[in-house]
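In: This is the structure alone, sequence omitted:
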Ligand code: GCB
């Protein structure tokens, strides 16, 4: 009893004195001083969440996060992290433990790490998670430090006061159960990979640090002799009078900026047009940029380009560009599993480049930062998207806030990537006033965060009669680019693509954000035989010919680069829980349709 009391007192004292909070997202985390906490973590599968709720379903004070150990022989403690199996983090449990292949529920993760006393003296320590799918509670040395929802965006927690010299323990309860009010909602056509799916890091920052910043090249007339680069940046604190030295050495630009009362700076840099190499797929030029605060320098590599629309055209650096794209899920080749490394990014992007792409749609959620940065280095433009997918709970304010938070963190993480040209706010959502209001607010909010990029969403074809397809969507006024998915030749109108006409009554560029059909690699037959490579090949021939005639076509991202796992795809012998619409098989073999799209892109 005495011991319990003492523990309680200590707990109370800790809650009073030590603060731990999720803090606004750090930009450019990989350039900071970090210690990776990847590697082996112990895990406990907790089907009934007994590590969190007591047997009356109240949140238990004695949950697994206490990391309790028997102190006396007679003590009863029915879990032991140190004896639990290990899993390599980052990863997804579905492909790491075969018993968990279909599992959707709670898994606890645990690891110890050491902190040297010298490291605790100055500054702050932030615990950074690249992504955890979907809902997680984080505990440091038994203290609850964060509850985060949303499976594809990063978050960071100030754990400075929780850490101690020597051994520290972090425990994460991860729950990927589907819920109607979540984003995404209960149903979606991809594998619900659970776990700590991206890098985990302990980040050391000074007490005052540059939290985030945004570089941008102002639009200008093609003949402009000078160009303006803008920078805004903010500290973690609203502190005036702090000096930030900023430079782009290659352009010989240098300024010392002083923070205002909100801890912000903003400035303009004027550069001769002839000296500036713009970022483009042909020349993905990145400049080193440096920002120094109190002797500590934060470096990044930033590209300068403009993206805008003019009538039905998309203009990159003032010139019309055709987006030769492909949709991609964040899934590894050869058996699936979440991508989480630079090598995974290289594999998928090389496949896209073999196809002749200059553009990728990173569907249906923000992909990891390696992917976006690797695409930027290779000159591949990006459509980045949040998982507002299908039947979202449009009237639920919590759902809206969740979507808004995911949108915010997607933008805050990638706002300096020159290759990201489109923020997409939704995919194939059913029309209603409630949905228009939800998405309208989201689009307007996205513009307040970033008015330098294009906003779009994947719409659907609404009406057709006598082979005339019509796109009508009240969201047309909110988007810069009208994008829609269509499955002529697969879900509808097999053989009729050649007869189809399109009416898109908006003076905006058009992207066909999806088309395609399934085929099993190596399965051959007549072109009207479903699932054969020939069927898919013919579908691609007919679809590319059809969409070529669409007025204002500015690009396309067919569905999809490679076959991917989906629990909705149950046809034995053909699908076996894979969506087979890939141009590559899961093993990376090219199907016949690959060459059709490649040739079409070559002609563009
Ligand atoms: C769609 C969805 C995508 C699906 C695809 C399909 O329209 O946007 O997530 O996977 O169709 O294969 O049916």
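Out: Structure received. Remember, it's a predicted structure, so these values are computed and weren't measured experimentally.
In: how close does the closest residue to residue 66 other than its chain neighbours get to residue 456?
Out: Spatial nearest neighbour of residue 66, excluding adjacent residues (CB to CB, 6 or more residues apart in numbering): residue 142 at 5.4 Å. Glycine gets a C-beta too; all of them are placed from N, C-alpha and C. Distance of residue 142 to residue 456, computed by CB to CB, to the nearest Å: 45 Å.
In: the more surrounded of these two?
Out: Neighbours were counted for residue 142 and for residue 456 using other CB atoms under 10 Å; residue 456 has more, 28 against 17.
In: can you pull the contacts of the more buried one?
Out: Residues near residue 456 by CB atoms under 8 Å, 6 or more residues apart in numbering: 383, 422, 423, 424, 425, 479, 480, 481, 482, 483, 511, 513.
In: go with 10 Å
Out: 361, 383, 385, 421-426, 443, 475, 478-484, 508-509, 511, 513 (CB atoms under 10 Å, 6 or more residues apart in numbering).
In: Residue 545 now?
Out: Contacts of residue 545 (CB under 10 Å, 6+ apart): 497, 498, 600.
In: Then the second one would be within a strand, right?
Out: Right, residue 498. No - assessed with DSSP: H, G, I helix; E, B strand; the rest coil, residue 498 is helix; it does not lie in a strand.
In: Quickly name whichever of the contacts of residue 545 is closest to residue 433.
Out: residue 497 (33.2 Å; CB to CB).
In: Tell me how far the residue nearest to that closest one when sequence neighbours are not counted lies from residue 528.
Out: Closest residue to residue 497 apart from its sequence neighbours, by CB to CB, 6+ apart: residue 542 at 3.8 Å. Distance of residue 542 to residue 528, computed by CB to CB: 12 Å.
In: More neighbours: which of those two?
Out: Neighbours per residue (other CB under 10 Å) separate residue 542 from residue 528, with residue 542 holding more: 22 against 11.
In: how about that one, phi and psi?
Out: Recorded main-chain torsions at residue 542 are phi -70, psi -40, according to degrees, to the nearest 10.
In: Please tell me how far it sits from the ligand.
Out: According to CB to the nearest ligand atom, to the nearest Å, residue 542 and the ligand sit 18 Å apart.
In: Retrieve the pLDDT associated with that residue.
Out: Listed pLDDT for residue 542 reads 98.
In: Provide a list of residues in contact with it.
Out: Residue 542 sits next to 488, 489, 494, 495, 496, 497, 498, 499, 500, 515, 527, 596 when contact means CB under 10 Å, 6+ apart.
In: Residue 186 now?
Out: When contacts are counted by CB under 10 Å, 6+ apart, residue 186 is found next to 177, 178, 179, 180, 390, 391, 393.
In: where's the nearest residue to the second one once chain neighbours are set aside relative to the ligand, distance?
Out: To tie it back to what came earlier, the one meant is residue 178. Nearest residue to residue 178 in three dimensions, chain neighbours excluded: residue 186, at 4.5 Å (CB to CB, 6+ apart). Distance from residue 186 to the ligand, counting by CB to the nearest ligand atom: 14 Å.
In: And stretch 579-594, how far out from the chain middle?
Out: 23 Å (CA atoms, centre = their mean, to the nearest Å).
In: Right, and the ligand sits closest to which residue of the stretch 401-550 of the chain?
Out: Here the residue of the stretch 401-550 of the chain nearest the ligand is residue 485; by CB to the nearest ligand atom that distance is 4.5 Å.
In: Contacts only, for the closest residue to that residue other than its chain neighbours.
Out: Among residues not flanking residue 485 along the chain, residue 514 sits closest, at 3.6 Å (CB to CB, 6+ apart). By CB under 10 Å, 6+ apart, the contact set of residue 514 is 327, 361, 363, 427-428, 458, 460, 483-487, 556-560, 581.
In: try it again with 8 Å
Out: Contacts of residue 514 (CB under 8 Å, 6+ apart): 327, 458, 485, 486, 487, 557, 558, 559, 560.
In: so how far is residue 198 from residue 30?
Out: Distance from residue 30 to residue 198, by CB to CB: 12 Å.
In: Can you read off the pLDDT for the single nearest residue of the stretch 1-150 of the chain relative to the ligand?
Out: Per CB to the nearest ligand atom, the residue of the stretch 1-150 of the chain with the smallest distance to the ligand is residue 133, at 16.7 Å. Per-residue pLDDT puts residue 133 at 98.
In: picking up where we left off before, what's the neighbour count on the residue of the stretch 401-550 of the chain closest to the ligand?
Out: Neighbour count of residue 485, defined by other CB under 10 Å: 18.
In: wait, it sits on residue 559?
Out: Yes - with contact defined as CB atoms under 8 Å, residue 485 counts as touching residue 559 (7.4 Å).
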